[in-house]
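Peer 1: What follows is a predicted structure for the sequence shown.
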Amino acid sequence: MSEISNFIKTIMEKDLKENKVTKIVTRFPPEPNAYLHIGHARAIITNFELAKCFKGKCNLRFDDTNPTKEDEEYVDAIIEDIRWLGYEPDKILFGSDYFEETFEKAILLIKKGLAYVCNLTQEEVNLYRGSLDTKGKDSPFRSRPIEENLKLFIEMSKGKFKEGEITLRAKIDMSSPNINLRDPILYRVLYTSHHRHKNKWCIYPMYDFAHPLQDSFEKITHSLCSLEYVDHKVLYDWVINNTNVDHYPTQIEFGRLNINEYAPLMSKRYLKSLVDNKIVDSYDDPRLPTLRGLKNRGYTPKAIYNFVVESGLSRINSQVDISSLHQAIREDIKLVTPRLMGVINPLKLTIRNYPEDKIEEIKFFKNPENEDLGFFNTVFSKHLYIDKEDFIVEAYKGYKRLSLNAEVRLMHAYFVRAVECVYDENNNVIEVLCEYDINTKSGSGFNDRKPQGTISWVSCHDCSEVIFNHFESLVLNNDRNLINKNSLTKYKGFIMGKTYFDCFQIIRKGYYKKVDEKQFNQIVSLKSSF
């Protein structure tokens with residue numbers, strides 16, 4: 001990202017040049033209440049890469065101010081996913097690290113007459129707040145004396161009130177056109193064990209109060225957040241300007257990156273429901289846009305980085321087609337993965353005039369675009385498998401593969417002509433009988449005639465039977481209520497040789513990642529076939 005310009009980088013350069021800051025410090029502040037998905041990747045990469053660009057620092061700070069949803073499982077998973085992307089935070093911190101300091105800042109606001117304890121219920125608070133078209137109305141508790149507010153707030157912290165019975169609110173402007181400034185809640189009562197502090201606290205700060213303070217305490221220079229927080233910026237600045245902090249961070253908003261096919265899945269709550277309702281087995285299901293789902297499918301950190309960077313960074317939300325993500329992984333692995341022959345949906349092919357006991361060695365480059373990877377050695381024999389889609393009985397105009405009485409090249413081997421079909425009781429072709437031309441071996445220089453096309457194959461004498469997992473969108477028509485029952489299809493097929501590659505391309509089919517000795521996930525199909 002150091003060589004790429006964007007509006008945040010320009011702001012940072014200007015702030016450094018004008019000595020507003022001396023060192024760039026950013027942070028990634030996830031809530032430990034879910035697994036990270038591809039949407040979070042933009043924020044992670046942006047924060048870490050901009051800090052790296054200016055030789056600054058980037059912290060990982062967990063926003064753990066809502067104990068009702070937080071869990072150590074998510075903390076560990078988030079750290080693991082960030083490291084998988086290739087980043088090591090300067091510090092791993094927690095918003096709860098600053099509970100004492102945040103509490104003291106709330107006391108300060110009360111003493112300055114800028115916060116008060118309110119006994120309105122949440123429903124009443126919402127009613128008094130008004131709407132975009134109507135001004136808010138002052139709480140009847142807004143004029144409480146400072147001493148009484150201090151007393152009640154201390155009692156809140158000692159567990160003297162029930163949940164929902166009382167809150168601490170900022171005293172700002174109930175007539176502000178920005179609803180976020182209409183006396184927002186700063187603290188609420190929650191009797192839930194915290195994942196780190198257990199039952200030490202029974203009051204917890206709201207995000208809009210805690211977050212700017214945490215940024216200040218950590219000397220964050222540029223607090224980068226998604227566009228949904230743009231209307232919260234005035235509250236962010238109000239907190240910073242009224243709590244006597246020593247450091248003034250700057251909040252900068254950028255647009256979210258949405259991917260069309262994943263759009264319905266980019267919700268923590270919905271992802272959890274898919275797992276809880278057994279629609280998918282876990283958060284690492286390859287059909288999910290979680291980072292561990294993408295990892296399990298076979299995506300690489302570099303591909304995700306390239307996808308995010310090439311999608312650009314703007315001040316507005318943007319949507320890209322999933323084909324951009326697919327192309328990013330193709331480009332990243334195309335030169336480093338071997339290309340072997342395999343059949344996804346096998347059909348037996350027998351060469352009638354090839355000797356039964358003859359086994360012939362076939363040698364070809366593992367990757368023609370990267371000859372340094374070396375060669376494959378497989379064998380050619382009388383009995384082979386081809387893909388069912390590579391054969392039809394009667395060819396139509398423009399068909400370029402095998403059909404009765406047509407001739408094709410078996411890749412890296414010989415020309416064969418289909419002469420007969422074997423059918424089952426349902427009239428399905430279960431075997432193709434061919435004849436080969438011994439003078440047409442690949443590389444022999446034979447060039448008198450052109451075949452109908454070239455198709456892949458594997459020898460029955462040198463192949464492994466495996467399962468290929470192919471994926472489609474998990475939901476139909478971008479509707480969460482329409483689960484695609486065909487989102488996972490398992491094919492029993494063959495690959496040449498042994499299954500010792502973690503990642504490879506099946507020629508003409510796509511890229512695959514090894515799950516275990518007998519199972520492979522399709523990472524992505526090829527952009528086109530020949």
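Peer 2: Alright, I've got the coordinates. Residues are numbered from 1 along each chain as shown.

Peer 1: can you pull the contacts of His461?
Peer 2: When contacts are counted by Cβ atoms under 8 Å, 6 or more residues apart in numbering, His461 touches 359, 379, 381, 383. Glycine gets a C-beta too; all of them are placed from N, C-alpha and C.

Peer 1: tell me which element it is part of?
Peer 2: Element membership for His461 (DSSP states H and E) is empty, with no helix or strand holding it.

Peer 1: got it, and Asn469?
Peer 2: Going by DSSP H and E, Asn469 is in strand 463-471.

Peer 1: quick one: that strand to chain centroid distance?
Peer 2: 24 Å (Cα atoms, centre = their mean, to the nearest Å).

Peer 1: possible to save the contacts of His461 as CSV with distance to Val308?
Peer 2: Shown next, in CSV, are the contacts of His461 (distance: Cβ to Cβ, whole Å):
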residue, distance to Val308
Ile359, 49
Val379, 44
Ser381, 47
His383, 48
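
Peer 1: Most neighbours among those, which one?
Peer 2: Ser381 (19 neighbours; other Cβ atoms under 10 Å).

Peer 1: May I ask you to confirm that it is in contact with Thr350?
Peer 2: No - the criterion here is Cβ atoms under 8 Å, and Ser381 misses it with Thr350 at 9.9 Å.

Peer 1: If we go by neighbour counts, what in the lengthiest helix in the chain is buried?
Peer 2: Once the chain is assigned using DSSP state H, the helix that runs over the most residues is helix 38-53. By 16 or more other Cβ atoms under 10 Å, the buried positions in helix 38-53 come out as 38-53.

Peer 1: ok, back up a step: list the buried residues of the strand holding Asn469.
Peer 2: Applying 16+ other Cβ under 10 Å to strand 463-471 flags 463-464, 466, 468-471 as buried.

Peer 1: Repeat that for stretch 378-392.
Peer 2: So for stretch 378-392, counting by 16+ other Cβ under 10 Å, buried means 378-382, 384-388, 390-392.

Peer 1: List the contacts of it.
Peer 2: Contacts for stretch 378-392 (Cβ under 8 Å, 6+ apart): 341, 343-351, 354-356, 358-362, 399, 401-403, 410, 413-414, 418, 429, 432, 455-463, 494, 496-497.

Peer 1: before we move on, what about stretch 21-29?
Peer 2: Contacts of stretch 21-29 (Cβ under 8 Å, 6+ apart): 12, 15-16, 43-44, 47-48, 50-51, 53-63, 82, 89, 95, 211, 214-215, 218-224.

Peer 1: where in the stretch 151-300 of the chain is pLDDT low?
Peer 2: Scanning the stretch 151-300 of the chain for pLDDT under 70 picks out no residues.

Peer 1: For it, just list every one of the strands.
Peer 2: 167-170, 185-189, 203-205, 222-226, 250-254, 257-259 (DSSP state E, counting those that start in this stretch).

Peer 1: Just list what the fourth one packs against, helices and strands only.
Peer 2: Right, strand 222-226. Strand 222-226 is packed against helix 7-17, strand 25-28, helix 38-53, helix 207-217, strand 250-254, with contacts defined by 3 or more Cβ pairs under 8 Å, 6 or more residues apart in numbering; DSSP states H and E.

Peer 1: And for the fifth one?
Peer 2: Other elements packing on strand 250-254 under the criterion 3+ Cβ pairs under 8 Å, 6+ apart are helix 7-17, strand 222-226, helix 233-242.

Peer 1: can I get the CA coordinates of that strand in CSV?
Peer 2: Provided in CSV are the C-alpha atoms of strand 250-254 (Å, rounded to 0.1, in the frame of the first residue of the first chain):
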residue,chain,number,x,y,z
THR,A,250,-8.6,12.6,14.5
GLN,A,251,-11.5,10.4,13.4
ILE,A,252,-11.6,9.7,9.6
GLU,A,253,-14.4,7.7,7.9
PHE,A,254,-14.1,5.6,4.8
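
Peer 1: who's in contact with it?
Peer 2: Contact partners of strand 250-254, identified using Cβ under 8 Å, 6+ apart, comprise 7-8, 11, 15, 46, 212, 221-227, 229-230, 233, 236-237, 313-315.

Peer 1: between that strand and strand 222-226, what angle do the directions make?
Peer 2: Here strand 250-254 runs at an angle of 30 degrees relative to strand 222-226 (axes from the mean of the first three to the mean of the last three Cα atoms, to 10 degrees).

Peer 1: Rebuild the contacts of His461 as a markdown table, extending it with secondary structure.
Peer 2: Formatted as a markdown table, the contacts of His461 follow (DSSP: H, G, I helix; E, B strand; the rest coil):
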| residue | secondary structure |
| --- | --- |
| Ile359 | coil |
| Val379 | strand |
| Ser381 | coil |
| His383 | strand |
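
Peer 1: for those residues, which one is nearest Thr300?
Peer 2: Relative to Thr300, the closest of those is Val379; by Cβ to Cβ it sits at 32.5 Å.

Peer 1: Any idea what that closest one is bridged to?
Peer 2: Under DSSP bridges, the beta-bridge partners of Val379 are Glu361.

Peer 1: circling back: which among the contacts of stretch 21-29 end up buried?
Peer 2: Using 16+ other Cβ under 10 Å, the buried ones in the contacts of stretch 21-29 are 12, 15-16, 43-44, 47-48, 50-51, 53-54, 56-63, 82, 89, 95, 211, 214-215, 218, 220-224.

Peer 1: quick one: the residue nearest to Lys513 when sequence neighbours are not counted from Ile329, how far?
Peer 2: Once flanking residues are discounted, Lys513 sits nearest to Gly298: 3.1 Å by Cβ to Cβ, 6 or more residues apart in numbering. Going from Gly298 to Ile329 by Cβ to Cβ, to the nearest Å gives 7 Å.

Peer 1: which neighbours do these two share?
Peer 2: What both Gly298 and Ile329 touch, as defined by Cβ under 8 Å, 6+ apart, is the set 511, 523-524.

Peer 1: Tell me, how many residues neighbour Lys490?
Peer 2: 10.

Peer 1: what about it, helix or strand, and which?
Peer 2: strand 488-496.

Peer 1: what angle do that strand and strand 463-471 make?
Peer 2: 150 degrees.

Peer 1: what's strand 488-496 packed up against?
Peer 2: strand 342-343, strand 346-351, strand 458-459, strand 463-471.

Peer 1: Can you dump the C-alpha atoms of the helix or strand just after it in PDB for me?
Peer 2: Toward the C-terminus, strand 488-496 is succeeded by strand 503-506 as the next helix or strand (DSSP H and E). Extracted in PDB, the C-alpha atoms of strand 503-506 (Å, rounded to 0.1, in the frame of the first residue of the first chain):
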ATOM      1  CA  CYS A 503      -2.800 -26.700  -3.700                       C
ATOM      2  CA  PHE A 504      -3.000 -27.400  -7.400                       C
ATOM      3  CA  GLN A 505      -4.800 -26.700 -10.600                       C
ATOM      4  CA  ILE A 506      -6.800 -29.400 -12.400                       C
END
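
Peer 1: Given strand 503-506, what are its sheet partners and their directions?
Peer 2: By DSSP bridges, strand 503-506 pairs with strand 339-340 (parallel), strand 510-516 (antiparallel).

Peer 1: looking at these, which is closest to Asp437?
Peer 2: Counting by Cβ to Cβ, Asp437 lies closest to strand 339-340 out of the strands paired with strand 503-506; the figure is 25.0 Å.

Peer 1: How far off centre is the closest one?
Peer 2: How far strand 339-340 lies from its chain's middle: 27 Å, per Cα atoms, centre = their mean.

Peer 1: circling back to that earlier point, looking at the strands paired with strand 503-506, spot the one closest to Ile107.
Peer 2: Per Cβ to Cβ, nearest to Ile107 of the strands paired with strand 503-506: strand 510-516, 54.5 Å.
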